[in-house]
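J.: Mind looking at a prediction? Sequence and model below.
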Amino acid sequence: MRLWFRKRPQDLSEKRSSPDRRIRAGQNGRPGLAIAAALLCGPIALISVPAFWLAGVTVLQALLLTFLLQLAVFVAVVGIGCWRSSGRHAESPWDPDRETRVAPDLDIWHSYSALENHGHCQRVALIGQACVQNRQIATDLAQLGYDIHHTTAVDDIFEIIRMHPTEWNFLIVDLDLFDTLEGGVDELMSFRKECAAIPVLLLSGSVGRDELSDHRRAIGDVTLRKPVFRCRLLTGIDAMRLNREGQRPD
């Protein structure tokens, strides 16, 4: 398997630390807050004991009042720190899918092919997020003899296919990659008009079930509901080819 990464231009204002990193920082910072609050107790004692004594209270009363003041400051500092930390976590909830994704400012290019492949093999483009599901699809197809090119760079891979359409056997598109469904539909409709001969298999987490008919022919030949495993993937590929054959003029 070969991997390529390409940096996307990104405005500095868009850079964010990861939620996991912020959570770890908050957890590591809580003991530090307690230590800082404890260190404040020393200066408070040096100032408050003489002040209470000069105010006319006894030494015992001054010590007791100083202890209560130190305790109040300690609780206040730790409480404010915990409240601010929990507030940051609430604003940035952890997204478990991020464990499987590449940083958002990177385009990924993965190539999967069976080691025993010799000579010409069927080339397939997989457009989708860098997640476990899409990597498994690419691995399964590579084991079946396909040469898989997995990327998140939609415009770039469409342009490559347009330049050499006869070199590509079919295309798999994860609709969840697009920021909006309307934007993805527009791009696919434009691509289908220029490369009508290339079969397209769609993946989506929002459809209720697999749609093996070609009623979405404007953007694809078959739609599979995620998650997709090998058996359903092969069924979808067969249906995609049959639908494509049925659309060819006699």
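T.: Now that the structure is in, tell me what you want to look at.
J.: Domain-wise, how is this protein divided?
T.: Following automatic domain parsing, one gets these domains for the chain: 19-94, 100-247.
J.: What is the host helix or strand of Trp83 packed up against?
T.: With secondary structure defined by DSSP states H and E, Trp83 is part of helix 59-91. Secondary-structure packing of helix 59-91 (3 or more C-beta pairs under 8 Å, 6 or more residues apart in numbering; DSSP states H and E): helix 19-54. All C-beta spots, glycine's among them, are computed from the backbone N, C-alpha and C.
J.: Show the average pLDDT along the helix it packs on.
T.: In this model, helix 19-54 carries a mean pLDDT of 63.
J.: how about the helices of this protein, start to end?
T.: Along the chain, counting by DSSP state H, helices occupy 19-54, 59-91, 132-143, 154-163, 181-194, 230-247.
J.: Kindly present the ones you listed as JSON lines, with separate columns for distance to Ser113.
T.: Below are those laid out as JSON lines (distance: least, C-beta to C-beta, whole Å):
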{"stretch": "helix 19-54", "distance to Ser113": "33"}
{"stretch": "helix 59-91", "distance to Ser113": "43"}
{"stretch": "helix 132-143", "distance to Ser113": "5"}
{"stretch": "helix 154-163", "distance to Ser113": "17"}
{"stretch": "helix 181-194", "distance to Ser113": "24"}
{"stretch": "helix 230-247", "distance to Ser113": "17"}
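J.: Give me whichever of those is most buried.
T.: Each of these was assessed for mean neighbour count using mean count of other C-beta atoms under 10 Å. The highest is helix 132-143, with a mean of 19.
J.: Okay, angle between that one and helix 230-247 too, please.
T.: Using axes from the mean of the first three to the mean of the last three C-alpha atoms, to 10 degrees, the inter-axis angle of helix 132-143 relative to helix 230-247 is 70 degrees.
J.: For helix 132-143, which outside residues touch it?
T.: Taking contacts as C-beta atoms under 8 Å, 6 or more residues apart in numbering, the residues outside helix 132-143 that touch it are 100, 110, 112-114, 124, 126, 128, 148, 150, 172, 174, 203, 226-230, 233.
J.: change it to 7 Å
T.: 100, 110, 112-114, 124, 126, 128, 148, 150, 172, 174, 226-228, 230, 233 (C-beta atoms under 7 Å, 6 or more residues apart in numbering).
J.: Select, out of the helices of the chain, the one closest to Ala218.
T.: helix 181-194 (5.6 Å; C-beta to C-beta).
J.: what packs against the closest one?
T.: Counting contacts by 3 or more C-beta pairs under 7 Å, 6 or more residues apart in numbering; DSSP states H and E, the secondary-structure elements packed against helix 181-194 are helix 154-163.
J.: related to what we said a few turns ago, give me the buried subset of the contacts of helix 132-143.
T.: For these, burial is judged from neighbour counts taken by 16 or more other C-beta atoms under 10 Å, and it is met by 110, 112-114, 124, 126, 128, 148, 150, 172, 174, 226, 228, 233.
J.: which residues does Arg225 contact?
T.: Listed by C-beta under 7 Å, 6+ apart, the contact partners of Arg225 are Ser204, Val207, Arg209, Asp210.
J.: Grab the nearest non-local neighbour of it.
T.: Using C-beta to C-beta, 6 or more residues apart in numbering and skipping residues adjacent in sequence, the residue nearest Arg225 is Val207, 5.0 Å away.
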